[in-house]
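Asker: Okay, here's the prediction I keep looking at, along with the sequence it came from:
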Amino acid sequence: MRFAIGEIVVDVVIDDDDFELPLVEFLPGLDLAALGQDRTLFEPEFIDVGRNVLRCAIQTFVLRLAGRTFLVDTCIGEHKERPEIPAWNQRSGTGYLDRLRRLGVDPASVEVVFCTHLHIDHVGWNTVRADGSWAPTFPNARYLVGRTELADWPARKDAGTAPAMNVRGLQDSVLPLVEAGRVDLVDDGHELAPGLALTFLPGHTMGQMGLRIDRPYGCAVFCGDAVHSPLQILQPGVSTSSCLDPGLAATTRRTLLEEAASTGRLIVPGHFRGARRAHVRATGGSFRPVFPE
């Protein structure tokens, strides 16, 4: 899929286009009855209520502007130990890099890889196996990681509160890049190019960041898992079971949606299927997603 934000061309590279999660368990507090006729907005693209399923995409966004190539998030990867999720465990032959090349993107041409946060489905293609070790998939890129985000994970690991699968993700997809000197630690407001700046979106993880675009002909925000499902636009107080601080995540999400509704800013979450993006319309004290055709 391809869309544009002003003069920025955005291609979507899919790693898994129908990853299923248990709907009610993953979105605790979701009021299915309150959806009413709005269920038709989400079914069957995003939910299957009868099977209690939330349907998600795992994807990378490729941004091209003035001859420069940026990636937002790098999905699942291959040959990595993920026993908690059998479909992701030691997977191979997925064709992800081939799909990237068919878009005219050689991994060596990528200038910047931005990881919104360090969950395993956002960092997996940071590295590939080479000569018995983990090497950068994008050898000439700088990998941008939030300073707060990277600092939080070792602290949680030492405290015994970090999930084992995400610790493994750090070990095979993040720390090898740190050791190779390929990582730039970044803060709120860091600018990638004129009109492309990082923005702090804490709650899902403590250091999650998004990419905010403010160009003369388009404004958008690539917001990672600040909005995981379009259901959370209708019910912004509902955070996921994987959110580290559900209350903070809800506050971040509502602020994001309020700004998007008032300015017309496009939101591009990490896991939307279908159009992959949405505008937000305010209706009284609530919000509704408006999906581009």
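Answerer: Happy to help now that I have it. Numbering: from 1, shown residues only.
Asker: any low-confidence regions in the stretch 1-150 of the chain?
Answerer: Filtered on pLDDT under 70, the stretch 1-150 of the chain yields no residues whatsoever.
Asker: would you list every one of the strands in it?
Answerer: 2-5, 8-22, 47-48, 53-65, 68-72, 112-114, 127-130, 133-136, 142-146 (DSSP state E, counting those that start in this stretch).
Asker: just how off-centre is the third one within its chain?
Answerer: The gap between where strand 47-48 is centred and where its chain is centred comes out at 20 Å by Cα atoms, centre = their mean, to the nearest Å.
Asker: Each with direction, which strands does that strand pair with?
Answerer: strand 53-65 (antiparallel) (DSSP bridges).
Asker: Give the buried residues for the partner strand.
Answerer: Across strand 53-65, burial judged by 16 or more other Cβ atoms under 10 Å covers 53-65. Yep, even glycine has a C-beta here, placed from its N, CA and C like the rest.
Asker: swap in stretch 224-243?
Answerer: So stretch 224-243, judged by 16+ other Cβ under 10 Å, has buried residues 224-236, 238-240, 242-243.
Asker: Sort out for me which of the residues you listed are in strands.
Answerer: G224 (DSSP state E).
Asker: Which of the buried residues of stretch 224-243 fall in helices?
Answerer: L231, Q232, I233, L234 (DSSP state H).
Asker: CA-only coordinates of stretch 143-162, as CSV, when you get a sec.
Answerer: Only the C-alpha atoms of stretch 143-162 are listed here, as CSV (Å, rounded to 0.1, in the frame of the first residue of the first chain):
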residue,chain,number,x,y,z
TYR,A,143,18.9,3.8,14.4
LEU,A,144,16.9,6.3,16.5
VAL,A,145,15.7,5.1,20.0
GLY,A,146,14.2,7.2,22.7
ARG,A,147,16.6,7.9,25.5
THR,A,148,14.0,7.3,28.1
GLU,A,149,12.9,4.1,26.4
LEU,A,150,16.3,2.5,26.2
ALA,A,151,17.1,3.4,29.8
ASP,A,152,13.8,1.9,31.2
TRP,A,153,14.3,-1.6,29.8
PRO,A,154,17.6,-2.6,31.6
ALA,A,155,16.2,-1.1,34.8
ARG,A,156,13.1,-3.3,34.5
LYS,A,157,15.2,-6.3,33.5
ASP,A,158,17.3,-5.8,36.7
ALA,A,159,14.1,-5.5,38.7
GLY,A,160,12.6,-8.6,37.2
THR,A,161,9.6,-6.8,35.8
ALA,A,162,10.5,-7.0,32.1
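Asker: out of the buried residues of strand 53-65, what pair is the most spread apart?
Answerer: Pairwise distances across the buried residues of strand 53-65 (Cβ to Cβ) peak at 36.5 Å, for the pair V53 and L65.
Asker: Q59 is in contact with T74, isn't it?
Answerer: No. The criterion here is Cβ atoms under 8 Å, and Q59 misses it with T74 at 9.9 Å.
Asker: Now flag whichever of the buried residues of strand 53-65 is closest to V9.
Answerer: The closest of the buried residues of strand 53-65, once distances to V9 are taken by Cβ to Cβ, is R64, at 4.7 Å.
Asker: The closest residue to the closest one other than its chain neighbours: how many residues sit nearby?
Answerer: What sits nearest to R64 in space, not counting adjacent residues and going by Cβ to Cβ, 6 or more residues apart in numbering, is V9, at 4.7 Å. When neighbours are counted by other Cβ atoms under 10 Å, V9 registers 15.
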